[in-house]
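> next input, structure requested:
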Amino acid sequence: MTQATPRRRRALSLAVVALALVAGCAPNRLLHQHANPEYVGKPFKRVLVVAVTHENVLGRVFEDRMVALLGQRGIKGVPAYSTLGTSGAADEATLRRVIAETGVDGMLIARTTSVDVSTVTSPGYTVTVGYGWGGFYGYYAGVWQTSYVPPQTTVSGPTRTVSETRLFDARTGALAWSGMIGTTDRDGESDDAASVQQYVGIVFDAMARDGII
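Down below sits the predicted model:
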């Protein structure tokens with residue numbers, strides 16, 4: 001049991017950041033995407049990019065990659081770690097101050113909605129977080145409060161993850177776009193950083209097809 005614990009710890013860390021593995025052994029597909037018609041064809045100019053995670057290195061990879069891709073379309077991206085730090089959730093006052101200081105008009109948040117494992121040494125489990133429809137801050141704060149589950153048992157078999165990215169209007173809190181991706185990680189052997197970058201590409205391409213960015 002002790003030898004297998006790091007594998008479960010690793011699987012949960014990746015899930016919390018909402019970064020589903022996409023290379024070879026971890027098939028990944030876009031499950032759902034929805035664009036608010038009011039924002040189609042009206043791209044944001046500056047976007048705060050937030051990866052909700054306790055795995056800081058992978059969170060930075062996600063944010064940096066998304067910022068780079070946004071820049072290719074003339075959109076200024078601001079990685080959350082550069083303004084909010086990496087110590088966890090910021091309170092609402094701090095978040096609104098950062099939005100005002102950076103002048104962003106959009107806020108993109110990535111996180112996990114569920115993690116399922118096929119077999120465990122104790123009964124199976126699912127990690128679920130609420131959807132938080134009350135604007136971007138309620139969504140952001142709610143995810144930090146509920147998304148992390150410490151390792152307690154051994155994972156055996158594939159880990160199935162559903163992750164979500166939402167793009168909000170930072171000025172009004174309105175939801176502009178959302179997308180969900182399902183992933184199966186069968187053996188956990190992929191390179192994490194490369195997989196994160198591929199995942200970001202899938203989300204970015206979906207937003208581009210919908211005319212949001």
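
> quick one, helices of the protein?
Secondary structure of the chain (DSSP state H): helices at 5-16, 56-72, 92-102, 135-146, 192-209.

> the shortest one - what's its average pLDDT?
Meaning helix 92-102. Per-residue pLDDT values over helix 92-102 give a mean of 91.

> that one - contacts with which helices or strands?
Using 3 or more CB pairs under 8 Å, 6 or more residues apart in numbering; DSSP states H and E as the contact test, the elements touching helix 92-102 are strand 46-51, helix 135-146. To be clear about C-beta, it is placed using only N, CA and C from the backbone, and glycine gets the same treatment.

> can you flag the weakest of those by average pLDDT?
Comparing the helices and strands packed on helix 92-102 on mean pLDDT, the least confident stretch is helix 135-146, scoring a mean of 57.

> residues of stretch 39-54 that come out buried?
Neighbour counts using 16 or more other CB atoms under 10 Å place Y39, P43, F44, R46, V47, L48, V49, V50, A51, V52, T53, H54 of stretch 39-54 among the buried residues.

> what stretches of this structure score poorly on pLDDT?
Of all residues in the chain, those with pLDDT under 70 make up the ranges 1-27, 114-158, 185-191.

> bridged to the spatially closest residue to V203 that is not a sequence neighbour, which residues?
Among residues not flanking V203 along the chain, T165 sits closest, at 4.9 Å (CB to CB, 6 or more residues apart in numbering). The residues paired with T165 through beta bridges, assigned by DSSP bridges, are A110, G179.

> ok, T165 - contacts?
Going by CB atoms under 8 Å, 6 or more residues apart in numbering, T165 touches A18, L108, I109, A110, S178, G179, V203.

> gap between the fourth one and S195?
A110 sits 14 Å away from S195, taking CB to CB, to the nearest Å as the criterion.

> cool, V104 as well?
27 Å.

> what of P43?
Distance, P43 to S195, by CB to CB: 27 Å.

> cool, and R46?
Counting by CB to CB, the separation of R46 from S195 is 28 Å.

> again with E38
Relative to S195, and taking CB to CB, E38 is found at 34 Å.

> looking at those two, which has the bigger crowd around it?
Each of E38 and S195 has its neighbours counted (other CB atoms under 10 Å); S195 has more, 23 against 10.

> adding neighbour count and distance to L30, write the contacts of T165 out as JSON lines.
Written out in JSON lines, the entries for the contacts of T165 read as follows (neighbours: other CB atoms under 10 Å; distance: CB to CB, whole Å):
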{"residue": "A18", "neighbour count": "29", "distance to L30": "14"}
{"residue": "L108", "neighbour count": "30", "distance to L30": "16"}
{"residue": "I109", "neighbour count": "22", "distance to L30": "18"}
{"residue": "A110", "neighbour count": "26", "distance to L30": "14"}
{"residue": "S178", "neighbour count": "19", "distance to L30": "12"}
{"residue": "G179", "neighbour count": "23", "distance to L30": "7"}
{"residue": "V203", "neighbour count": "26", "distance to L30": "9"}
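
> got the residues you listed as JSON lines, with distance to A100 columns?
As requested, the contacts of T165 are exported to JSON lines (distance: CB to CB, whole Å):
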{"residue": "A18", "distance to A100": "26"}
{"residue": "L108", "distance to A100": "17"}
{"residue": "I109", "distance to A100": "18"}
{"residue": "A110", "distance to A100": "23"}
{"residue": "S178", "distance to A100": "25"}
{"residue": "G179", "distance to A100": "27"}
{"residue": "V203", "distance to A100": "26"}
